[in-house]
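1. Just the structure for this:
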Amino acid sequence: MTPKTVLVTGGAGYIGSHACVELLNAGYELSILDNFSNSEPEMLTRVKQITNRSFKTFNADLRDEKALDNLFAASRIDAVIHFAALKAVGESVLHPLKYYETNVTGTINLLKAMQKADCCKIVFSSSATVYGLNNPSPYLEDYPLNAVNPYGSTKVMAERILLDLAASDPMWSIVLLRYFNPIGAHPSGLIGEKPSGIPNNIMPYITAVASGRLPELKIFGGDYQTADGTGVRDYIHVVDIAKGHLAALEYAFLHTGAEAFNLGTGKGTSVLELVHAFEQASGCSIPYKITSRRQGDLAAYYADTNKANLHLGWQAQHSLINMCKDAWRFEQLEHGL
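-> Predicted coordinates for the structure are as follows:
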């Protein structure tokens, strides 16, 4: 049987590159689209190194409709996994139009190109930010959507567009994956989270402090109503997230309609618990300073993952210590420590 070909948008990014490894190892053929605005072509070289597989790469932007049409005309695409997006919450508040253009208009352009090519299976990279402020944990997929920043709003809008599309045409198969807080790196240490500048996410901030590239970790808020006063999140290994996309793709090939699934561990971990786990995993001491809360941050949230367990046959496997060990290995190899 001819292997199926999957287009991965944003395939050079943090989660995208890990998903590409899982897809290639599972036997899929890949076409990877990325504009490398927040990623490096080197990560795709490393994906080849890990898997010993080749794939097609397209340096293109989702805002370029002609480039998308050409890509779909060039080869048969059986399904799409759509990661490509801008994703910094703070930046989205400062530059909302940029976020709506890339994340919403870009998604519409992709769906139009898919429609022209009779490709109607898509796994969409959404986020727990769609749930907003007032929902009790654990978060369930049927909670109302109520994003509190432009980034979250772009994910809510894209989800609604996809739901409307599925309702308009029974041929579409759409899986919405709402993931919580991906951390860690591939166990090879070859691919991981590599932001430019001061990291927005906590794990690359911790690893930069551990390696001496930054002096101390800033923890935003120490007065939440949590066990130790710091925010509680559902940290999940990026490889578990990647395997969730593989399970979602296989689900999409067997079902039509649209379904949303949470990807998390179902367990809340505080920022200080994460710091102490990293210290245990790495043997490094992490100096930190507790500063004021960030606007829009929640005290605590974590996932209910029963739906993904039941329907996708997927469950997170990696421990917090493993997440920390793999993140530290990537930092050490990346910076020659």
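2. Strands along this structure, start to end?
-> All strands of the chain, identified by DSSP state E, fall at 5-9, 29-34, 56-59, 79-82, 121-127, 173-179, 181-183, 217-220, 232-233, 235-237, 257-263, 269-270, 288-291.
3. Can you lay out those strands as CSV showing mean neighbour count?
-> C-beta: built from backbone N, CA, C; applies to glycine. Shown next, in CSV, are those (neighbours: other Cβ atoms under 10 Å):
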stretch, mean neighbour count
strand 5-9, 25
strand 29-34, 23
strand 56-59, 15
strand 79-82, 26
strand 121-127, 25
strand 173-179, 24
strand 181-183, 24
strand 217-220, 18
strand 232-233, 23
strand 235-237, 27
strand 257-263, 22
strand 269-270, 20
strand 288-291, 14
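4. Ok, which of the ones you listed comes nearest residue 95?
-> Closest to residue 95 of those is strand 121-127 (Cβ to Cβ; 18.0 Å).
5. which other residues reach the closest one?
-> 10, 15, 78-83, 85, 107, 111, 114, 151-152, 155, 158-159, 162, 172-179, 245, 248-249, 252-253, 260 (Cβ atoms under 8 Å, 6 or more residues apart in numbering).
6. any idea how far residue 133 is from residue 124?
-> 23 Å (Cβ to Cβ, to the nearest Å).
7. Export the strands of the chain to a markdown table and append columns for distance to residue 201.
-> What follows is the strands of the chain, written out as a markdown table (distance: least, Cβ to Cβ, whole Å):
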| stretch | distance to residue 201 |
| --- | --- |
| strand 5-9 | 20 |
| strand 29-34 | 19 |
| strand 56-59 | 25 |
| strand 79-82 | 20 |
| strand 121-127 | 12 |
| strand 173-179 | 13 |
| strand 181-183 | 8 |
| strand 217-220 | 12 |
| strand 232-233 | 11 |
| strand 235-237 | 10 |
| strand 257-263 | 16 |
| strand 269-270 | 14 |
| strand 288-291 | 15 |
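8. I'd like to know which of those strands is closest to residue 307.
-> Among the strands of the chain, the nearest to residue 307 by Cβ to Cβ is strand 257-263 (5.5 Å).
9. CA atoms only for that closest one - export them in PDB, please.
-> Written as PDB, here are the backbone C-alpha positions of strand 257-263 (Å, rounded to 0.1, in the frame of the first residue of the first chain):
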ATOM      1  CA  GLY A 257     -16.900  15.600  11.400                       C
ATOM      2  CA  ALA A 258     -15.000  17.700  14.000                       C
ATOM      3  CA  GLU A 259     -13.900  16.800  17.500                       C
ATOM      4  CA  ALA A 260     -11.800  18.600  20.100                       C
ATOM      5  CA  PHE A 261      -9.400  16.800  22.500                       C
ATOM      6  CA  ASN A 262      -7.300  18.000  25.400                       C
ATOM      7  CA  LEU A 263      -3.600  16.900  25.400                       C
END
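10. could you list every residue that touches residue 45?
-> The contact partners of residue 45, by Cβ under 8 Å, 6+ apart, come to none.
11. circling back to that earlier point, could the strands of the chain go into CSV alongside distance to residue 323 and mean pLDDT?
-> Putting the strands of the chain into CSV (distance: least, Cβ to Cβ, whole Å; pLDDT from 0 to 100) gives the following:
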stretch, distance to residue 323, mean pLDDT
strand 5-9, 23, 98
strand 29-34, 25, 98
strand 56-59, 29, 96
strand 79-82, 22, 98
strand 121-127, 18, 98
strand 173-179, 14, 97
strand 181-183, 5, 98
strand 217-220, 16, 96
strand 232-233, 12, 97
strand 235-237, 5, 98
strand 257-263, 14, 98
strand 269-270, 10, 98
strand 288-291, 18, 97
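12. Quick one, which of those gets closest to residue 90.
-> strand 217-220 (11.2 Å).
13. what's that closest one in contact with?
-> For strand 217-220, using Cβ under 8 Å, 6+ apart, the contacting residues are 202, 205-206, 209, 230-231, 271-272, 275, 286-294, 297.
14. which helix is the longest one in the chain?
-> helix 150-168 (DSSP state H).
15. Now it: buried residues?
-> The neighbour-count check on helix 150-168 (16 or more other Cβ atoms under 10 Å) flags 150-159, 162-163, 165-166 as buried.
16. and if you look at stretch 49-64?
-> Neighbour-count burial for stretch 49-64 [16+ other Cβ under 10 Å]: 50, 51, 53, 55, 57, 58, 60, 61, 62.
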